[in-house]
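Colleague: Please find the sequence and the predicted model below.
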Amino acid sequence: MSVPNEPLPAKLFLSILSARWEAFWPGLLEELNKTFGKADYVSEPIAFVQTSYYDKELGTPITRRALGFEELVPQDRLPEIKLATNALEKKYAKEEGRRIFNLDPGLITLERLVLATGKDFTHRVYLGRGIRADLTLIFTRGDWQKLPWTFPDYAGPELKAHLTRLREAYKQQIASSRGK
C-alpha cells in the first residue's frame, strides 16, 4: 500500500513571451514580485523563433524571459498560480482583448518541470479550477529529457540551460532547508 505524503515544495518558474517589452517591463516584474515573492532569477531576452503560433497576437519579434522565484511553493498551488498569471495577462491586455504578453508558470523540482495550462490534451492531468498540469521535461542522467509532447523551445539547449541554473538554485535551497 502506498502511504500518502507531502512532496517537497517546488521552485516557481515563469516564462514570459512578448514583442512589446517597453509597454510593461519592468512594471510587470514589480507586480510579479508582489504576487509571488522576489524573483531571484531573471534571464536576458531569449529569441523565440521555434513557432509563429503567437505572432498574430503578440507581434514580432517575440522574445522570452525565464524567471525563478526565491520563495519555494507547495506543489498544489499550481492552479492558483496559473489563475493569477491569467489575471495579469488580462489586466495588461489591449482594449480589443489581445494580450501583450504570454505568461507560462510552472514548477521545477529535482525530477521535472511541470507547466500549468488551461488547455486539455491526452497527457495533461486535471488539477482543479480549470487548470491542468503538463509534464514538460524530466531530469534524468544529468540533463533535461524531452517527451513526445515537449514544445520545441523547451527542448532546445538555450532554455534548458536556464532551467538547469534554476534547478541548481532549487537544489541548494532544498539542501539549506534540510541543514545540509
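Modeller: Sure thing, it's come through. Remember, predicted model here, so these are calculated numbers, not experimental data.

Colleague: In terms of secondary structure, what does the strand or helix carrying D40 contact?
Modeller: Assigned by DSSP states H and E, D40 belongs to strand 39-42. Under the contact criterion of 3 or more C-beta pairs under 8 Å, 6 or more residues apart in numbering; DSSP states H and E, strand 39-42 touches helix 27-36, strand 63-69, helix 157-177. To be clear about C-beta, it is placed using only N, CA and C from the backbone, and glycine gets the same treatment.

Colleague: So which of those is nearest E96?
Modeller: helix 27-36 (19.8 Å; C-beta to C-beta).

Colleague: tell me the angle the closest one makes with strand 63-69.
Modeller: Helix 27-36 runs at 30 degrees relative to strand 63-69, counting by axes from the mean of the first three to the mean of the last three C-alpha atoms, to 10 degrees.

Colleague: Next, work out how far apart E111 and R178 are.
Modeller: 17 Å (C-beta to C-beta, to the nearest Å).

Colleague: now for the helices and strands packed on strand 39-42, which one comes closest to V42?
Modeller: Short answer: strand 63-69, nearest of these by C-beta to C-beta, at 5.4 Å.

Colleague: Summarise which helices and strands the closest one is packed against.
Modeller: Strand 63-69 packs on strand 11-18, helix 27-36, strand 39-42, strand 46-47, helix 157-177, going by 3+ C-beta pairs under 8 Å, 6+ apart.

Colleague: hmm, who's touching the third one?
Modeller: Outside of strand 39-42, the residues within contact range by C-beta atoms under 8 Å, 6 or more residues apart in numbering are 29, 32-33, 65-70, 162, 165-166, 169.

Colleague: quick one: buried residues of that strand?
Modeller: If you call a residue buried by 16 or more other C-beta atoms under 10 Å, then strand 39-42 has these buried ones: A39, Y41.

Colleague: send the alpha carbons of the longest strand along the chain over as CSV?
Modeller: Counting residues, the longest strand found in the chain (DSSP state E) is strand 131-140. Taking Å, rounded to 0.1, in the frame of the first residue of the first chain, the C-alpha atoms of strand 131-140 are listed here in CSV:
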residue,chain,number,x,y,z
ILE,A,131,-6.2,24.1,-14.7
ARG,A,132,-4.1,21.1,-15.9
ALA,A,133,-0.5,20.0,-15.3
ASP,A,134,1.7,19.5,-18.3
LEU,A,135,4.7,17.3,-17.6
THR,A,136,7.1,19.2,-20.0
LEU,A,137,10.6,17.9,-19.2
ILE,A,138,12.1,15.3,-16.9
PHE,A,139,15.5,15.5,-15.4
THR,A,140,17.5,12.3,-15.6
